[in-house]
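Novice: give me the fold of what follows.
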Amino acid sequence: MIEQAQVMLKGVIDNHQLQFQTVRDMPVVTNRRGVRYAEGYFDREAFASRLETTENALENFKTELESIKSELKNECESLRRTVSNLQHSVGDLKDSRSLFISTYRRDILLNATPSDHRIISTGNRFVHGGDCKRDAGLYEHPGRRRDFDTYVKLYGLHPGIVQSSVSYTPTINLLNRHATIIADKNIKVSTDFHNLFDDFIQSLERSNYDEEYLNDPMSRVTLAYWAFFNVCPA
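Specialist: Modelled structure (predicted):
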């Protein structure tokens with residue numbers, strides 16, 4: 001049987017052009033006819049053409065990337081300028097909001113401080129109307145205002161509470177409406193205006209600053225909300 005296998009292997013080598021050789025001390029059998037077969041189907045010109053096409057595509061892609069890189073750099077510079085302008089605008093807006101509170105102290109409370117007068121004299125843009133959220137930011141560092149009682153008179157709540165616990169739009173709008181009205185010496189209010197606002201604030205506090213109270217028409221906060229809203233001057 002061994003002799004028969006040897007004869008068959010020799011026949012395969014002779015007939016199919018198999019080649020036996022040693023590579024790195026390991027026996028390897030190769031098919032020389034297979035190499036010629038592969039060479040016969042290998043189109044060098046087509047391969048060179050595809051390679052050139054690929055290289056050109058890569059070069060175009062590289063050029064496109066450089067163009068995109070340049071555009072992104074320009075956009076980044078534009079965004080930096082925009083951010084810088086916005087930072088200046090935020091500073092201007094804070095000054096304007098502070099001017100609103102200082103003017104309220106001067107014209108309504110009649111207790112403006114030298115700092116308030118300085119803010120008023122240097123202000124270049126006055127804002128009309130309350131903004132409890134932005135004004136609450138004036139009481140944070142750096143350079144914060146310290147007249148918390150003035151803020152409470154305008155909005156009914158401490159600025160820290162407004163920042164942390166008030167995000168319901170109807171509540172924010174009503175606080176702003178109150179501040180806008182009482183900061184304008186030309187607006188006349190009814191005798192129960194202040195009491196109804198106080199009742200709303202107390203109801204809001206007892207509800208733990210509920211943010212869905214208008215969904216319940218009979219809730220204490222909703223009733224207090226509409227009672228105050230209806231006495232606000234148009």
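
Novice: low-confidence ranges in the protein?
Specialist: Confidence mapping of the chain against pLDDT under 70 gives the ranges 1-2, 4-43, 77-78, 80-93, 124-126.

Novice: what about the residue of it positioned farthest from its centre, helix or strand, and which?
Specialist: Computed with CA atoms, centre = their mean, the residue of the chain farthest from its C-alpha average is Glu3, at 82.6 Å. According to DSSP states H and E, Glu3 maps onto helix 2-16.

Novice: look up how far Asp198 lies from Ser190.
Specialist: 14 Å (CB to CB, to the nearest Å). Where C-beta positions appear, they are placed from N, C-alpha and C, glycine not excepted.

Novice: same check on Gly143?
Specialist: Distance from Gly143 to Asp198, by CB to CB: 31 Å.

Novice: quick check: Thr180 touching Val127?
Specialist: No - at 10.2 Å, Thr180 does not count as touching Val127 under the criterion of CB atoms under 8 Å.

Novice: circling back: so for Gly143 and Asp198, which residue has more residues nearby?
Specialist: Taking neighbours as other CB atoms under 10 Å, Gly143 and Asp198 compare with Asp198 leading, 13 against 8.

Novice: for that one, what are its contacts?
Specialist: Gly156 (CB atoms under 8 Å, 6 or more residues apart in numbering).

Novice: after the helix or strand where it lies, which helix or strand is next?
Specialist: In the assignment (DSSP H and E), Asp198 maps to helix 193-206. Moving toward the C-terminus from helix 193-206, the next helix or strand (DSSP H and E) is helix 220-229.

Novice: which elements pack onto that next one?
Specialist: On a contact count with 3 or more CB pairs under 8 Å, 6 or more residues apart in numbering; DSSP states H and E, helix 220-229 meets helix 169-182, helix 193-206.
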